[in-house]
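Peer 1: Give me a 3D structure for the following:
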Amino acid sequence: MKQTRLMKILATGTLCAVAIGTAAAQTSTTVTTTAGGAVTSSTTTNSLNGTGTISAYTPGSDYITFRGEANAAPARYYYTKETPIVDAEGATVQWSAIRPDMPVNYTYVREGDRMVITKVTLQKPIKYYEKTTTTTTTTTSDR
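Peer 2: Predicted coordinates for the structure are as follows:
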């Protein structure tokens with residue numbers, strides 16, 4: 001009797017977890033119509049999330065490369081100038097501050113055979129990555 005009740009609780013918990021995971025995948029639909037009201041195109045995209053480290057980024061290019069796991073091959077993701085980058089505190093980060101080996105979370109959509117980034121979130125505040133320089137000046141006196 002107790003095993004049956006426990007199995008029901010575990011099955012219900014599993015179903016809830018699957019339902020929440022499915023609901024978390026955001027779906028957006030775009031329908032384009034002409035003046036006559038005829039549908040000319042219809043597109044459905046699902047936002048997906050990923051976690052990894054930046055393995056390559058070249059300023060001025062249209063892609064960035066992420067590595068999901070240490071031994072995994074890097075994957076190329078495309079972005080636009082409007083793709084936001086924020087740090088862990090929510091502060092906006094410029095693309096020029098991005099460099100390899102930064103751990104990130106990212107959201108992307110599949111457009112044909114391309115993966116297009118819709119948002120990049122650094123896992124640490126940008127202050128963590130900023131270089132600080134200390135200058136020491138030594139003066140001597142002739143006494």
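
Peer 1: and the gap between residue 7 and residue 53?
Peer 2: 40 Å (CB to CB, to the nearest Å). For the C-beta atoms, the positions are set from N, CA and C on the backbone; glycine is no exception.

Peer 1: Residue 124 too?
Peer 2: Taking CB to CB, one finds residue 124 at 12 Å from residue 53.

Peer 1: got any residues that touch both of these two?
Peer 2: Shared contacts of residue 124 and residue 53 (CB atoms under 8 Å, 6 or more residues apart in numbering): residue 103.

Peer 1: Please, where are all the helices along this structure?
Peer 2: Remark: helices assigned in the chain by DSSP state H are 2-24, 126-129.

Peer 1: Now do the shortest one: which elements does it pack against?
Peer 2: What it means is helix 126-129. Applying 3 or more CB pairs under 8 Å, 6 or more residues apart in numbering; DSSP states H and E, one finds that helix 126-129 contacts no other helix or strand.

Peer 1: sorry, back to before: and the helices of the chain, which one is worst for confidence?
Peer 2: Comparing mean pLDDT across those, the weakest is helix 2-24, with a mean of 58.

Peer 1: Please name the residues that touch the nearest residue to residue 103 once chain neighbours are set aside.
Peer 2: In space, residue 103 comes closest to residue 123 once its chain neighbours are excluded; the distance is 4.3 Å by CB to CB, 6 or more residues apart in numbering. The neighbourhood of residue 123, defined by CB under 8 Å, 6+ apart, consists of 88, 102, 103, 104, 105.

Peer 1: Would you list the buried entries among those?
Peer 2: Buried by 16 or more other CB atoms under 10 Å: 102, 104, out of the contacts of residue 123.

Peer 1: what's the first-to-last distance across stretch 82-91?
Peer 2: The first and final residues of stretch 82-91 sit 15 Å from each other (CA to CA, to the nearest Å).

Peer 1: Just the strands from the chain, written as ranges.
Peer 2: 27-33, 39-57, 63-67, 75-78, 85-86, 103-111, 114-122 (DSSP state E).
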